[in-house]
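Undergrad: Can you look at this prediction? I've put the sequence above it.
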Amino acid sequence: MQAVATVTHRTGAPHLASGPMADLRWKPSVTVAAVVEQGGRFLLVEELTADGLKLNNPAGHLDPGETPEQGAARECLEETTCSFTPQWLVGVYLARLQRPAANGQPADDITYLRFAYGGSVGAPDPTRTLDAPVQRTLWLTPDEVRASAARHRSPLVLRCIEDHLAGMRHPLGVVGADPSLWT
């Protein structure tokens, strides 16, 4: 007899999983982020979330068929209109978001696996617009980022910046991709 488990995704939609390991299978939500420092200031975005306006590194979900490095470049361009060139991996992080049901929205229990890349950006592209949830971009000093921690989308915003400031630099080749990703 196969085990059957009902899993609620972050959208609140139930998904029926079956098989001997169905109730043991765990799938974190993979995200990517750009950590950009220029002149002692860090590039952040202010975005509209279910919890109101929050600050975040330019970040988002990894899309099918892209490497985390490519995803970080894409997300930074979409959220800031600036081309991002990843130059190193700052770190790989796990964080859990637990939010009770409220205002007709289902409860959330999501674990994020974040790949954060450090690098540089070009000038904003005037032909592009910011992604819909992003209200504006900001350049904040480390002290301003620390002082705004209550407004961060996740604890990883500050953690990635602190690791960058501490000199965390891993080669881009640390995260590899098999050619099967593109077939």
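TA: Perfect, thanks for sending it.

Undergrad: Show me what counts as buried in stretch 35-47.
TA: 35, 36, 37, 42, 43, 44, 45, 46, 47 (16 or more other Cβ atoms under 10 Å). To be clear about C-beta, it is placed using only N, CA and C from the backbone, and glycine gets the same treatment.

Undergrad: What of stretch 108-116?
TA: 108, 112, 113, 114, 115, 116.

Undergrad: Compile those into TSV and extend it with columns for secondary structure, distance to residue 102 and pLDDT.
TA: Shown next, in TSV, are the buried residues of stretch 108-116 (DSSP: H, G, I helix; E, B strand; the rest coil; distance: Cβ to Cβ, whole Å; pLDDT from 0 to 100):
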residue	secondary structure	distance to residue 102	pLDDT
108	strand	10	82
112	strand	20	95
113	strand	26	97
114	strand	25	98
115	strand	30	98
116	strand	29	98
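
Undergrad: Which of the three states applies to residue 70?
TA: At residue 70, secondary structure determined by DSSP: H, G, I helix; E, B strand; the rest coil is helix.

Undergrad: Could I get the average pLDDT for stretch 140-148?
TA: For stretch 140-148, mean pLDDT rounds to 98.

Undergrad: and what of stretch 34-52?
TA: The average pLDDT within stretch 34-52 is 96.
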